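# no sequence on this one, just coordinates:
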């Protein structure tokens, strides 16, 4: 916001600080007002900037998107430009329709202590919602107006970290005499559910729970907002958000009296707050569901941990059996099976940490490469396996076949590229193509035979890879020979020999 606002006419650092204080209180004000709020400032005589747009959570927004940063023109927004140029705000209907109903604009000019007009705060409400608000309790409507003026003065800066007010949340208003002068239907139903009479208007706040009394008194004394989440003995979990509300200045009282607004809340001293607005969110169902999910998640993670341990145990027994094999062919078959089992155990190890987190494929490749070096390389050999590329994260449903594919391609490179040599190099390169992933495994061997055909290959490993790539990953695969240069550089050695390339589309992360 700062860069664009600094281009506005006559904006100083002090003005910018006021805008920031106002911005902090916009979310709460938008929710309580059930209105979209636009913080506007004048760039020049023909352009106004929407420095900040906040959509309400308590009612559907009038906009399909956040219009922060948009430019307004006088032709479409005459009333806003009048407020920005002359400081004359007011209420007016907009010609633009939303869902078949006209929009009501309440425009408040933003005035500094030096009597300069530096912007305007615009509240836009659907006509249906506006009429519904007019039928609400008079004291509550006044409190909403006072809250709007507090936001205009930048006095709601300390509400920035409070929870948003939702359409299914309840509210009630307590005046300076500690009387409940308004209670919404949702709040009344919440208290009725715990045995408190629904109609407690003009009764003391002590008619509610002891916690309400303590919190209301705390806010009156400290004149600061507070938010408390409390679980009662009966398992009920309510989040109470309390906001102090100050009466408007004399100039604003006169301004509102032109619209027929007169205070029904008792007068208080200038340094006191007039009322406390209490917002109540019933979090019981959400918290209980989250607890159930946490228990299920913990159980699933424990299952993944045990599966990983069992797979590693099976791999260890098969490795022992491989050492006792009398033929090289049987030993190689068991060794390959050990690698396949261990590659699956890596996935379960990731899932045992957090099943909902996407898996980092780069880290996955590094782990599988380390396992292949431990199992498939003899003590006399020096084989280097390197991994390059960005951190690409995939859901577990794609990470599992990807791990198997990488494992099989590494085993294939070990068997056909470097198995007969004392030294060798294998390179894994990851490429993020935006909507797809490319994995390239290259060894520095002699390449594939001249008559090699991937489709008709009888290699079990390549058959596994082909099935996983086409059926599970919905991708494609090629295996080619990359010709060497006469004197390859260190980097070029990674790009010569047999090159297996797998490309597949990403699935959306949940």
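Great, that's in hand. Just so we're clear, the structure is a prediction, and the values are computed from it rather than from any experiment. Numbers count the residues shown, from 1 in each chain.
# just give me the longest helix of this protein.
Using DSSP state H to define each element, the chain has its longest helix at helix 284-323.
# and that one, what's buried?
Buried residues in helix 284-323, counted by 16 or more other Cβ atoms under 10 Å: 301, 304, 307, 308, 311, 312, 315, 318, 319, 322. In this view, the C-beta of every residue, glycine as well, is placed from N, C-alpha and C.
# the last one touches residue 331, doesn't it?
Yep, that's residue 322 we're talking about. Yes. Counting by Cβ atoms under 8 Å, residue 331 is a contact partner of residue 322 at 5.0 Å.
# how close does residue 65 get to residue 36?
Distance of residue 65 to residue 36, computed by Cβ to Cβ, to the nearest Å: 12 Å.
# ugh, wrong one, I meant residue 214
35 Å.
# between those two, which has more neighbouring residues?
Legend: neighbour count by other Cβ atoms under 10 Å for residue 214 and residue 36, higher for residue 36 (25 against 10).
# tell me where the model's unsure across this protein.
Residues of the chain meeting the criterion pLDDT under 70: 1-9, 94-101, 198, 248-271, 353-356, 376-379, 419, 483-496, 509-510.
# helix or strand right after the longest helix of the chain?
Next helix or strand after helix 284-323 toward the C-terminus (DSSP states H and E): helix 328-353.
# give the other helices and strands that that next one contacts.
helix 284-323, strand 359-360, helix 361-376, helix 396-413 (3 or more Cβ pairs under 8 Å, 6 or more residues apart in numbering; DSSP states H and E).
# for beta bridges, what are the partners of residue 54?
Beta-bridge partners for residue 54, by DSSP bridges, are residue 37.
# quick revisit: what's the closest of the helices and strands packed on helix 328-353 to residue 430?
Counting by Cβ to Cβ, residue 430 lies closest to helix 361-376 out of these; the figure is 5.8 Å.
# what angle separates the closest one from helix 396-413?
40 degrees (axes from the mean of the first three to the mean of the last three Cα atoms, to 10 degrees).
# so what does helix 361-376 touch, helix or strand wise?
Counting by 3+ Cβ pairs under 8 Å, 6+ apart, helix 361-376 packs on helix 328-353, strand 382-388, helix 396-413, strand 423-432, strand 436-443.
# need the contact partners of that helix.
319, 335, 338-339, 342-343, 346-347, 350, 383, 385, 387, 389-394, 399, 402-403, 406-407, 410-411, 414, 426, 428, 430, 437, 439 (Cβ atoms under 8 Å, 6 or more residues apart in numbering).
# cutoff 6 Å now
For helix 361-376, contacts defined as Cβ atoms under 6 Å, 6 or more residues apart in numbering pick out 338-339, 342-343, 346, 385, 387, 391-392, 394, 403, 406-407, 410, 414, 428, 430.
# how far is it from where the chain is centred?
On the basis of Cα atoms, centre = their mean, to the nearest Å, helix 361-376 sits 32 Å off its chain's mean C-alpha point.
# show me what counts as buried in it.
For helix 361-376, by 16+ other Cβ under 10 Å, it's 361, 362, 364, 365, 367, 368, 369, 371, 372, 373, 375, 376.
# kindly report the same for stretch 195-209.
Using 16+ other Cβ under 10 Å as the test for burial, stretch 195-209 gives 200, 205, 208, 209.
# what's the helix or strand hosting residue 18 packed up against?
In this assignment (DSSP H and E), residue 18 forms part of helix 13-33. The contact analysis (3 or more Cβ pairs under 6 Å, 6 or more residues apart in numbering; DSSP states H and E) places helix 13-33 against strand 47-54, helix 138-152.
# which one, of those, ends up nearest to residue 465?
strand 47-54 (50.9 Å).
# what residues does that closest one touch?
In contact with strand 47-54 (Cβ under 6 Å, 6+ apart) are residues 1, 4-5, 23, 26-27, 30, 37-43, 66-68, 70-72, 84.
# for the closest residue to residue 88 other than its chain neighbours, which three-state class applies?
In this structure, residue 88 finds its nearest non-sequential neighbour in residue 82, 5.7 Å apart by Cβ to Cβ, 6 or more residues apart in numbering. Secondary structure, DSSP: H, G, I helix; E, B strand; the rest coil: residue 82 is helix.
# what's around residue 82, how many residues?
Counted with other Cβ under 10 Å, residue 82 comes out at 18.
# quick one: it from residue 450, how far?
Counting by Cβ to Cβ, the gap from residue 82 to residue 450 is 82 Å.
# now do the contacts for residue 337.
Taking Cβ under 6 Å, 6+ apart as the test, what residue 337 contacts is residue 318.
# before we move on, back to that, give me the buried entries from the contacts of helix 361-376.
338-339, 342-343, 346, 385, 387, 392, 394, 403, 406-407, 410, 414, 428, 430.
# which among the buried residues of helix 361-376 gets closest to residue 473?
Among the buried residues of helix 361-376, and counting by Cβ to Cβ, the member closest to residue 473 is residue 361, at 11.9 Å.
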